[in-house]
Structure formats: structure tokens, C-alpha cells
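K.L.:
got a predicted structure here, sequence first:
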Amino acid sequence: MTEGNEMAYHIFFEAYFNRLWRYLLVAAAGNEDAARESLQATLIRVARHIKPFRDETVFWSWLTVLARSAYKDETRKRRRYFSFLDRFTMHVTVVLENPAVADADEKLLAMLSSQMALLPPDEQKLIEEKYFAHRSVRELAEELQITEKAVESRLSRIRSKLKAAALAKLNDETRA
């Protein structure tokens, strides 16, 4: 496997898949979704970080460390996701119950829209493609025939420009 031999990976998979699945199912207290996600992450980690081991016991210990780590990472990720959903739900509730917050959001969106209109057409298109059409940086880089890093840099500069313009406009409104 360390040399990228696909047959070696298949042999590993046959020998350890069910064993890792059972290990993670116990670690996840029977939560099959969490065990499945953790198993997938474990297998990816194995493929990325495989190295020679002196015997099967040491190899299995290494696999369990990877599996436990993957399970903990997945648990943290799920916790962050559900925490985000809670915060989002609270925000939506506040907006729905408080018209002043909804008005502020509408003003902010209108200000952002007006600042977007002041951008050069190529910058407008890049922002719209990335954030409204949900295209990936890779797709945009291929279309523009530039590197992904260059697209990320452009997006960063445009976001900074929009932020500065919005802050300036907000400062002008608070002074008035």
C-alpha cells in the first residue's frame, strides 16, 4: 500500500473493513451514521498516511488510533453543525419576531447590492458566479484560465473592497 498498489489496498480492505466497522460502531454507541462517517474518514487517513509496520498488532493499534481520531473529529463536526443550526434558528426567530432586525438586514442587503453595482463588470461577475451561482474556485479558475490561488486572491480583494465601502457608508449614516 505504501507504494500505491491498488491490490494491496483491496487486501487491506477485505481484512480490516468489518473489524474497523465494528470497532467504530461500538465507539459511536450504535450510531450507524456516525460510525459510517468515521469509517470513511479512517479509510481516507489510512490511504494518505500508510507506512510499514513491524507486525499486525502494531498496525491494528495504529488503525484504532486513526479510527478514534476520526470519530472524535466527526463528533466535533456534528456538534459544530448542530450548534450552527441552533444559532441560525435563533437568528431567524429574532428576525421574524423583531421587524427592526429584519429592516436592518434589508438595509444591509440593499447597501451591499448598491456597492456591488459600483464594482467593475469582471469583479461583479466573479462575485456573482462564486456566491450566487455557487461555482467552485476550481471551475472559476478553469474558466478564467488562471490558478485557483489567483481566483481566491481576487475574491479576497473584492470582498475587502465591498467591506470597506459598506463600512464607509455606515459611518456616513451614523454621522448624519
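P.N.:
Thanks, I have it.
K.L.:
shaky segments in this protein?
P.N.:
91-103, 176 (pLDDT under 70).
K.L.:
secondary structure element holding the residue nearest the centre of the chain?
P.N.:
With distances taken as CA atoms, centre = their mean, the residue of the chain nearest its centroid is residue 77 (9.8 Å). Element membership for residue 77, per DSSP states H and E: helix 56-97.
K.L.:
that helix - contacts with which helices or strands?
P.N.:
Helix 56-97 makes packing contacts with helix 6-27, helix 32-49, helix 99-117 when contacts are defined by 3 or more CB pairs under 8 Å, 6 or more residues apart in numbering; DSSP states H and E. Every residue, glycine included, has its C-beta placed from N, CA and C.
K.L.:
so this protein: which segments form each domain?
P.N.:
The chain resolves into domains spanning 6-84, 99-175 when parsed by automatic domain parsing.
K.L.:
most packed of those domains?
P.N.:
Compared across the domains of the chain, domain 6-84 shows the largest average neighbour count, a mean of 14 (mean count of other CB atoms under 10 Å).
K.L.:
what is the end-to-end distance of it?
P.N.:
39 Å (CA to CA, to the nearest Å).
K.L.:
and that domain, how far out from the chain's middle?
P.N.:
20 Å (CA atoms, centre = their mean, to the nearest Å).
K.L.:
any idea how far residue 48 is from residue 148?
P.N.:
Look at residue 148 and residue 48: by CB to CB, to the nearest Å, they are 21 Å apart.
K.L.:
kindly report the same for residue 70.
P.N.:
Residue 70 is 12 Å from residue 48, by CB to CB.
K.L.:
and residue 90, how many residues sit next to it?
P.N.:
10 (other CB atoms under 10 Å).
K.L.:
repeat that for residue 89.
P.N.:
Residue 89 - counted by other CB under 10 Å - has 10 other residues nearby.
K.L.:
residue contacts, the residue nearest to residue 69 when sequence neighbours are not counted?
P.N.:
Here the nearest residue to residue 69 in space, its sequence neighbours aside, is residue 45; by CB to CB, 6 or more residues apart in numbering that works out to 7.7 Å. Contacts of residue 45 were listed using CB atoms under 8 Å, 6 or more residues apart in numbering, and they are 66, 69-70.
K.L.:
contact partners for residue 64?
P.N.:
residue 23.
K.L.:
let the chain start at 161 from now.
P.N.:
Sounds good: first residue 161 from here, last item residue 224.
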